[in-house]
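Peer 1: fold the following.
(2 chains)
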Protein chains: 2
Amino acid sequence: MTPKIVRHIAELREEIAVFRRLNPENAQVGLVPTMGYLHEGHASLIRRSSQENGLTVLSIFVNPLQFGPTEDYDRYPRDEARDVAVAKAAGASIVFMPSVEEMYPEPNRTTVSVSGLTDRLCGASRPGHFDGVATVVSKLFHIVLPDHAYFGMKDAQQVAVVARMTRDLNLPIDIVPCPTVRESDGLAKSSRNVYLNPDERKQALVLSQSLAQVPGWLEDGMTEAELVVRIRGKIRSQPLANIEYVEVLTYPDLAPPVPDRPLSESKEPLLVALAVRFGKTRLIDNMLMFPAEVN
Amino acid sequence: MTPKIVRHIAELREEIAVFRRLNPENAQVGLVPTMGYLHEGHASLIRRSSQENGLTVLSIFVNPLQFGPTEDYDRYPRDEARDVAVAKAAGASIVFMPSVEEMYPEPNRTTVSVSGLTDRLCGASRPGHFDGVATVVSKLFHIVLPDHAYFGMKDAQQVAVVARMTRDLNLPIDIVPCPTVRESDGLAKSSRNVYLNPDERKQALVLSQSLAQVPGWLEDGMTEAELVVRIRGKIRSQPLANIEYVEVLTYPDLAPPVPDRPLSESKEPLLVALAVRFGKTRLIDNMLMFPAEVN
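Peer 2: You can find the predicted model right below:
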């Protein structure tokens, strides 16, 4: 069934209210918030939501608030027709595509910020980014009032921030983290992959390949400092790679692990997270480890 | 009917869900957020809500987040038994009285802030106060998901902040501002009035008496600067009065009016707002004017 295209908040609320009225017993609503230019990663979120909910709202909104002044807001890739086709194939009920004016009819004065989780990783190099994310996600949550909201773990920090915001603010919404989807050669799917030229595309494999070695390095008893050195060395073997960060943090609190102790002894899950530039294109990838379960 | 006392979020949500289920057609829910020690001002909000909604939740929570380190959080007056009696007389269905641990089970990391509206008036002398208000109100909104929420205009800046937050974040809640309730001699009702000794209580009348003269002074063609001088002079006639601020701002944007123009020519509503200390007790009062309608 072709999803209904909705561009206005009032119409979206009415659609959802009608659905809930017609399905009083089992009116579960799922939300998949995206910036569009959908790939298989997004499709996996939509499929999961449509399995678990009677109504799935896919939102597509390139949120200016979460882009810095020097970032790629204007050139962020957009393709409405293709997005609707992906949404249809994956089972979305409604595609919500508001304009910037619909989402921000007057200068936005209200900001939602999550402290502590946002000063490292992407938050360190993108000041204000996670305030923009938390603010627009809370707007979408209020507009849709979903029972479940689906986020990809490729943006693990975003998942941690949204989950913490949801808990701190008592939002009655279940945050569902979903696994990163990869190309057959291992590159994490990303809307920004289209920017890569063939050489960059080939060398970008070093992200997933480095992460694939992490479990073995942990078995060797590496500390955080040793692991970071090892990953950096591996990434630097690719001449086009410019490392922005390589970090190992506990998850979901994103705090530094106990120093000088083998990471394999960590009692908390560990996130190994990378951000690397190839030319103008910034790629991220990560791996979530559960050392306590490994050993 | 005695209101039901609820101390836990899960139980409150269940009570509200049951009410909505049993009243599918007309299940309007009203919320009156307070810090307790209820007076006639709060009672008027509860009465209005119980007229307009099938279920009225009165929340009583002295929110540590909105008190500064040198403020009166610890000595803020509390009286549960009396509050429940007031709530009952005014028609509340549920009194929600959570503990601090129930509202903040872990260190709060998420803050909602409204810029622009919060740097003047009480925001100037109480840094962080309105972040604390916006954050706890958004928590209460998420817990109750009311159709209407009732706030007293004595805290006009709070009403402006909450209304702006609600609009900016697309909260599907109608914010209802309600008139200030006064003692028979004109003093605005406040939980903090109990702190006043007899001399302070008598001199505190200067707040409402100054405001009562404002319409006449506006008819005389006064500018903002002239009006502020006149009010300050009047308040200073009381030896125990320590002025914190006397300000005239447009409402609800809380911006300075056009300078050197008679206020009576203002096209926007004007808020004349006062904060004055008597001993350790800080009192506020205000008057909202609609010059365009007056003339």
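Peer 1: and the strands in the stretch 51-200 of chain A?
Peer 2: Assigned by DSSP state E, counting those that start in this stretch, the stretch 51-200 of chain A shows strands spanning A:55-60, A:94-96, A:110-114, A:148-152, A:174-178.
Peer 1: which strands and helices lie in contact with the shortest one?
Peer 2: With contacts defined as 3 or more Cβ pairs under 8 Å, 6 or more residues apart in numbering or on different chains; DSSP states H and E, strand A:94-96 has these neighbours: strand A:4-6, helix A:9-22, strand A:55-60, helix A:80-90. The way it works is simple: take the backbone N, C-alpha and C, and place the C-beta from them, glycine included.
Peer 1: what's the closest of the ones you listed to B:Lys280?
Peer 2: For B:Lys280, the closest of these is helix A:9-22, at 46.9 Å, according to Cβ to Cβ.
Peer 1: does chain B sit close to the helix or strand sitting right after that closest one along the chain?
Peer 2: Remark: after helix A:9-22, the chain's next helix or strand is strand A:29-34, criterion DSSP states H and E. No. Contact of strand A:29-34 with chain B (Cβ under 8 Å from any Cβ of the partner chain) is absent, the minimum separation being 13.3 Å.
Peer 1: partner strands of strand A:29-34, with direction?
Peer 2: Taking DSSP bridges as the criterion, strand A:29-34 sits next to strand A:55-60 (parallel), strand A:148-152 (parallel) in its sheet.
Peer 1: and the last one, how far from the chain's centre?
Peer 2: Going by Cα atoms, centre = their mean, to the nearest Å, the spacing between the C-alpha centre of strand A:148-152 and its chain's C-alpha centre is 9 Å.
Peer 1: then the first one?
Peer 2: Per Cα atoms, centre = their mean, the displacement of strand A:55-60 from the mean C-alpha position of its chain is 16 Å.
Peer 1: tell me the mean pLDDT for it?
Peer 2: Confidence over strand A:55-60 (mean pLDDT, whole number) is 98.
Peer 1: and that strand with helix A:80-90, angle?
Peer 2: Angle, strand A:55-60 to helix A:80-90, by axes from the mean of the first three to the mean of the last three Cα atoms, to 10 degrees: 150 degrees.
Peer 1: what of the last one?
Peer 2: Computed with the same axes, to 10 degrees, the direction of strand A:148-152 lies at 110 degrees from that of helix A:80-90.
Peer 1: what's strand A:148-152 in contact with?
Peer 2: A:28-33, A:41-42, A:44-46, A:48-49, A:52-53, A:137, A:141, A:158-159, A:162, A:173-181 (Cβ atoms under 8 Å, 6 or more residues apart in numbering or on different chains).
Peer 1: how is chain A divided into domains?
Peer 2: A:4-178, A:191-287 (automatic domain parsing).
Peer 1: picking up where we left off before, Serialize the strands of the stretch 51-200 of chain A to a markdown table and add fields for distance to B:Thr111.
Peer 2: As requested, these are arranged in a markdown table below (distance: least, Cβ to Cβ, whole Å):
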| stretch | distance to B:Thr111 |
| --- | --- |
| strand A:55-60 | 24 |
| strand A:94-96 | 27 |
| strand A:110-114 | 5 |
| strand A:148-152 | 21 |
| strand A:174-178 | 19 |
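Peer 1: hang on, the earlier thing: right, and the helices and strands packed on strand A:94-96 - which one's nearest B:Asn23?
Peer 2: When these are compared by Cβ to Cβ, helix A:9-22 sits nearest B:Asn23, at 14.0 Å.
Peer 1: now that closest one: buried residues?
Peer 2: A:Ile9, A:Leu12, A:Arg13, A:Glu15, A:Ile16, A:Phe19 (16 or more other Cβ atoms under 10 Å in any protein chain shown).
Peer 1: from those, which are also near chain B?
Peer 2: Subset of the buried residues of helix A:9-22 in contact with chain B: A:Ile9, A:Arg13, counting by Cβ under 8 Å from any Cβ.
Peer 1: can you put the buried residues of helix A:9-22 in CSV and add pLDDT?
Peer 2: Output for the buried residues of helix A:9-22, formatted as CSV (pLDDT from 0 to 100):
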residue, pLDDT
A:Ile9, 98
A:Leu12, 98
A:Arg13, 98
A:Glu15, 98
A:Ile16, 97
A:Phe19, 96
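Peer 1: that older thread, tell me which of the strands paired with strand A:29-34 is the most buried.
Peer 2: strand A:55-60 (a mean of 27; mean count of other Cβ atoms under 10 Å in any protein chain shown).
Peer 1: contacting residues around that strand?
Peer 2: Strand A:55-60 has contacts (Cβ under 8 Å, 6+ apart) with A:3, A:12, A:16, A:19, A:27-36, A:38, A:42, A:46, A:49-50, A:80, A:83, A:87, A:91-98, A:140, A:144, A:146.
Peer 1: what's the burial count for the spatially closest residue to A:Phe290 that is not a sequence neighbour?
Peer 2: Distances taken as Cβ to Cβ, 6 or more residues apart in numbering or on different chains place A:Pro269 nearest to A:Phe290, at 5.2 Å, with adjacent residues excluded. As a burial measure, A:Pro269 scores 16 neighbours (other Cβ atoms under 10 Å in any protein chain shown).
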